[in-house]
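**Student:** Predicted structure and sequence below. I'll ask about it afterward.
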Amino acid sequence: MRILALESSCDETACAILENASLLSNVVVSQIDIFKAYGGVIPEVAARSHLEAILPVIDQAFQDGNLLKNGQNDWSKIDAIAVTHTPGLLGSLLVGTLTARTLAILHKKPLYAVHHLKSHIFSNWLTASPSYPLLALVISGGHTQIIRMTSDTDFEIIGTTLDDAVGECFDKVAKILGLPYPGGPSIAKAAKSGNPEKYPLPIPKIKDLNFSFSGLKTAVLRAVQKEVDVPISFPSHELKNLLTPEQINDFAASFQNTACKILLQKLKKAQKIYPDTASIVFAGGVSANSALRSLAQKTFEKSPNSPKLYFPDLKFAGDNAAMVGIAAYHEILSGRQPTDPYSLNILPRSEIS
């Protein structure tokens, strides 16, 4: 079975073609360079950029997969189409879903609408085969959740953020420190030259398995203001001008270390609640963080009967279409019926249903 998959939920336009679980092509056009000057994604601009890129991206995927006939895309070699349909930026999602619906109708292919967070989780199956039951830590710019799975189709959200997502917190702290967007890679780079113990930051005492990151962001802001000796009324966007490179690196390292500890403490607690956990999978853009990966290994390798840890390949950690295709493949194997292309609606909710 060959699946053509599309992803356009935020600021990456992507198309991948899979043959069963094997990747034939994976094309991603990022809009990061467009939004660096703004420090974040502008939804209207993102949607227009998707419009410009999506058809060339599809053509490139056919070319990279050697699926051409007489120089044209050979749709007879495609058995199904998959597309991200929720959650995400409404305009961006519309570009992807309308394209997928049109292609499904035009070429008479079954259509599978895939949840974005399921795709991130299944990105681990592109390079490995995690065992069930498992815990998935989904961490990105828009989401922070712990999800328990007992099969390909059984999802239970057991922990979620009460305010900011961890990736959003990385972006906001980076902005305070004057580091470029996106914040995750910028903070990780600066943290390599910093002292993670230099500035003690609080770990929120949130009940159950839920998260909170808004307080950590504020704690960093107050710590920076104290370090440079300015009142709390001082404009946050001007703090970067008062910091030395050494201070920036130390704040980046201290924040990153605290954020990773918050994530892993909750994950460790979840593993104790569900001792039958065979695997722990990390998913989403923040899962690419090398400090998190290293600390996770140290945290769980000390545990008796520790579950096996899985991280997506770095090229699959961020938004891409390969993860959409592999998620659709597993859903098809589980007996899921195709989506009616004439009635597919965009549902920009954040939770898996």
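**Tutor:** Good, I have the coordinates.
**Student:** if I pick residue 97, what's in contact with it?
**Tutor:** Contact analysis of residue 97 by CB atoms under 8 Å, 6 or more residues apart in numbering lists 83-85, 113, 344, 346. Quick note: C-beta positions are derived from backbone N, CA and C, even for glycine.
**Student:** Show the pLDDT at it.
**Tutor:** Listed pLDDT for residue 97 reads 96.
**Student:** So it: helix, strand or coil?
**Tutor:** Taking DSSP: H, G, I helix; E, B strand; the rest coil as the rule, one finds residue 97 in the helix state.
**Student:** just the helices in the stretch 51-200 of the chain please.
**Tutor:** If DSSP state H, counting those that start in this stretch is used as the criterion, the helices of the stretch 51-200 of the chain fall at 90-107, 116-122, 166-177, 183-191.
**Student:** any idea which of the contacts of residue 97 is closest to residue 268?
**Tutor:** Using CB to CB, residue 84 comes nearest to residue 268 of those, at 30.7 Å.
**Student:** ok, which stretches of the stretch 1-150 of the chain are strands?
**Tutor:** Using DSSP state E, counting those that start in this stretch, the strands of the stretch 1-150 of the chain run over 2-7, 12-19, 22-30, 68-69, 72-73, 80-86, 111-115, 134-139, 144-151.
**Student:** just the stretch 201-350 of the chain next, same as before
**Tutor:** Assigned by DSSP E, counting those that start in this stretch, the strands in the stretch 201-350 of the chain fall at 279-283, 308-310.
**Student:** Export the ones you listed to CSV and append columns for mean pLDDT, distance to residue 222 and mean neighbour count.
**Tutor:** Below are these laid out as CSV (pLDDT from 0 to 100; distance: least, CB to CB, whole Å; neighbours: other CB atoms under 10 Å):
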stretch, mean pLDDT, distance to residue 222, mean neighbour count
strand 279-283, 98, 30, 25
strand 308-310, 97, 34, 17
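**Student:** Would you format those strands as CSV with distance to residue 223 included?
**Tutor:** What follows is the strands of the stretch 201-350 of the chain, written out as CSV (distance: least, CB to CB, whole Å):
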stretch, distance to residue 223
strand 279-283, 28
strand 308-310, 31
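**Student:** which stretch among the ones you listed comes nearest residue 229?
**Tutor:** Residue 229 sits nearest to strand 279-283 of all those, at 39.1 Å, using CB to CB.
**Student:** returning to that earlier point: would you format the strands of the stretch 1-150 of the chain as CSV with distance to residue 261 and mean pLDDT included?
**Tutor:** Below are the strands of the stretch 1-150 of the chain laid out as CSV (distance: least, CB to CB, whole Å; pLDDT from 0 to 100):
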stretch, distance to residue 261, mean pLDDT
strand 2-7, 31, 98
strand 12-19, 29, 97
strand 22-30, 30, 96
strand 68-69, 50, 96
strand 72-73, 48, 96
strand 80-86, 31, 96
strand 111-115, 29, 96
strand 134-139, 13, 98
strand 144-151, 14, 97
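**Student:** Looking at those, spot the one closest to residue 278.
**Tutor:** strand 134-139 (6.2 Å).
**Student:** what's that closest one packed up against?
**Tutor:** Judged by 3 or more CB pairs under 8 Å, 6 or more residues apart in numbering; DSSP states H and E, strand 134-139 is in contact with helix 116-122, strand 144-151, helix 245-273, strand 279-283.
**Student:** Now do that strand: everything it contacts.
**Tutor:** Strand 134-139 has contacts (CB under 8 Å, 6+ apart) with 117, 120-121, 144-149, 158, 165-167, 263, 267, 270-271, 274, 277-287, 307.
**Student:** From those, list the buried ones, please.
**Tutor:** 117, 120-121, 144-149, 158, 165-167, 263, 267, 270-271, 277, 279-287, 307 (16 or more other CB atoms under 10 Å).
**Student:** for stretch 132-151, which positions count as buried?
**Tutor:** Residues of stretch 132-151 classed as buried by neighbour count (16+ other CB under 10 Å): 133-149.
**Student:** To clarify, my last question referred to stretch 321-338.
**Tutor:** Within stretch 321-338, the residues that count as buried by 16+ other CB under 10 Å are 321-332.
**Student:** what's the burial count for residue 196?
**Tutor:** Residue 196: 18 surrounding residues under other CB atoms under 10 Å.
**Student:** go on, the one 5 residues further on?
**Tutor:** Counted with other CB under 10 Å, the neighbours of residue 201 add up to 18.
**Student:** measure the residue positioned nearest the centre of the chain to residue 203 for me?
**Tutor:** In the chain, the centroid-proximal residue (CA atoms, centre = their mean) is residue 284; its distance is 2.6 Å. Computed as CB to CB, to the nearest Å, the residue 284 to residue 203 distance reads 21 Å.
**Student:** Great, nothing more from me.
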